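**Q** Quick one, fold the following:
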Amino acid sequence: MLKAKDIMSRKVICIKRETPVIDAIRVMVEQTITGIPVAEDDMTLVGIISEQDLLRLFHTYPDEQDRTINDFMTQPAIHFEEDESLLDVCYCLRDNAIRRVPVTLNGKVTGIISRSDILKCILELCDKDNAEAVGAANNTEL
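**A** Numbers count the residues shown, from 1 in each chain. Reported below is the predicted structural model:
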């Protein structure tokens, strides 16, 4: 059975809770990501900030432009430990309508899994199954 650590992206962008909100938006736009784990200096997960958390700024920006991520982040963040089932991660993303989930080891961020990571995994599994089926068919024709 696949685990979270088997497909997680290990290059995770994290931000601190005292990050100005506009800086977080800039990172999201420039990196084309939809959410960022919020972590302490030692990578302990404290929350997550998503596009959805920041949408209200469209009409409140003049009043909230000097606020930090701490004012907007979702906490506690839904997350999974590295050894948890990928199936559980998949159900979580589906059932909670979220796009990404941090992966941790003893509470410290080590990766992130997005919906697209799971779709890539499905495709790889299908391609592998198809290749094995073709190989088996070729062997029986001998």
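**Q** Skip the chain neighbours and tell me the closest residue to the residue nearest the centre of the chain.
**A** Nearest to the geometric centre of the chain sits residue 100, at 3.1 Å (CA atoms, centre = their mean). Leaving aside its sequence neighbours, residue 100 sits nearest to residue 114 (CB to CB, 6 or more residues apart in numbering; 4.2 Å). C-beta here means a position set from N, CA and C on the backbone, and glycine is covered the same way.
**Q** now do residue 70
**A** Leaving out its chain neighbours, the residue that sits closest to residue 70 by CB to CB, 6+ apart is residue 17, at 4.0 Å.
**Q** wait, isn't the one you found in contact with residue 36?
**A** No - Residue 17 lies out of contact with residue 36 (CB atoms under 8 Å); the separation is 11.3 Å.
**Q** In the protein, mark out all the helices, start to finish.
**A** For the chain, the helices defined by DSSP state H cover 4-7, 21-31, 51-54, 57-64, 86-96, 115-140.
**Q** Now do the buried residues in the second one.
**A** Applying a neighbour-count criterion of 16 or more other CB atoms under 10 Å, the buried positions in helix 21-31 are 21, 24, 28.
**Q** same thing with the fifth one?
**A** Neighbour-count burial for helix 86-96, counted by 16+ other CB under 10 Å, picks out 86, 89, 90, 92, 93.
**Q** Closest one of these to residue 108?
**A** Of all those, residue 89 has the smallest distance to residue 108: 17.7 Å, by CB to CB.
**Q** Tell me who's in contact with the closest one.
**A** Residues counted as contacts of residue 89 (CB atoms under 8 Å, 6 or more residues apart in numbering) are 4, 80, 101, 113, 118.
**Q** Now that we have those, which of them are buried?
**A** 4, 80, 101, 113, 118.
**Q** where does this protein dip in pLDDT?
**A** Residue ranges of the chain with pLDDT under 70: 129-142.
**Q** Farthest pair within the contacts of residue 89?
**A** Maximum distance among these (CB to CB): 12.2 Å, for 80 and 118.
**Q** Residue 77 contacts residue 36, doesn't it?
**A** No - using CB under 8 Å, residue 77 is not in contact with residue 36, being 10.4 Å away.
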